[in-house]
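Q: Coordinates only, no sequence provided:
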């Protein structure tokens, strides 16, 4: 057997940063989908922009310490 920690040991994305990013991106998907369905292209592009913003917000929150810590790999 190995000494490797379980992938779930770090919460598997169960952090405020992950939840916030996913929520923003889900809302963006709904907005973008409605934009396509209604042939409202500005609404579609707002959805695309919100997707990018969701990713940036998640990364910034992770850097602020609200995400799961990055694993430290050591050579054996």
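A: Yes, it's here. Owing to the predicted nature of the structure, the values given are computational and were not obtained by experimental measurement.
Q: Now do the contacts for the residue nearest the centre of the chain.
A: By C-alpha atoms, centre = their mean, the chain has its centre lying nearest to residue 21, at 3.8 Å. Under the criterion of C-beta atoms under 8 Å, 6 or more residues apart in numbering, the contact partners of residue 21 comprise 54, 55, 57, 58, 59, 61. Any C-beta I mention is one placed from the backbone N, CA and C, and that applies to glycine too.
Q: if we go to 6 Å?
A: If you count contacts by C-beta atoms under 6 Å, 6 or more residues apart in numbering, residue 21 has them with 54, 57, 58.
Q: can you check residue 62 too?
A: When the contact criterion is C-beta under 6 Å, 6+ apart, the partners of residue 62 are residue 17.
Q: let's see it at 8 Å
A: When contacts are counted by C-beta under 8 Å, 6+ apart, residue 62 is found next to 15, 17, 68.
Q: what about burial for these, which qualify?
A: Neighbour counting with 16 or more other C-beta atoms under 10 Å marks 15, 17 as buried within the contacts of residue 62.
Q: Same list, the contacts of residue 62, but as a markdown table with secondary structure please.
A: Shown next, in a markdown table, are the contacts of residue 62 (DSSP: H, G, I helix; E, B strand; the rest coil):
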| residue | secondary structure |
| --- | --- |
| 15 | coil |
| 17 | helix |
| 68 | coil |
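Q: Just the closest of the contacts of residue 62 to residue 38, please.
A: Nearest to residue 38 among the contacts of residue 62, counting by C-beta to C-beta, is residue 17 at 32.0 Å.
Q: give me the element the residue nearest to the centre of the chain is part of.
A: In this structure, residue 21 sits in helix 16-37 according to DSSP states H and E.
Q: Let me know the next secondary structure element after that helix.
A: Toward the C-terminus from helix 16-37 - assigned by DSSP H and E - lies helix 41-61.
Q: same for that following helix, what does it pack against?
A: helix 16-37 (3 or more C-beta pairs under 8 Å, 6 or more residues apart in numbering; DSSP states H and E).
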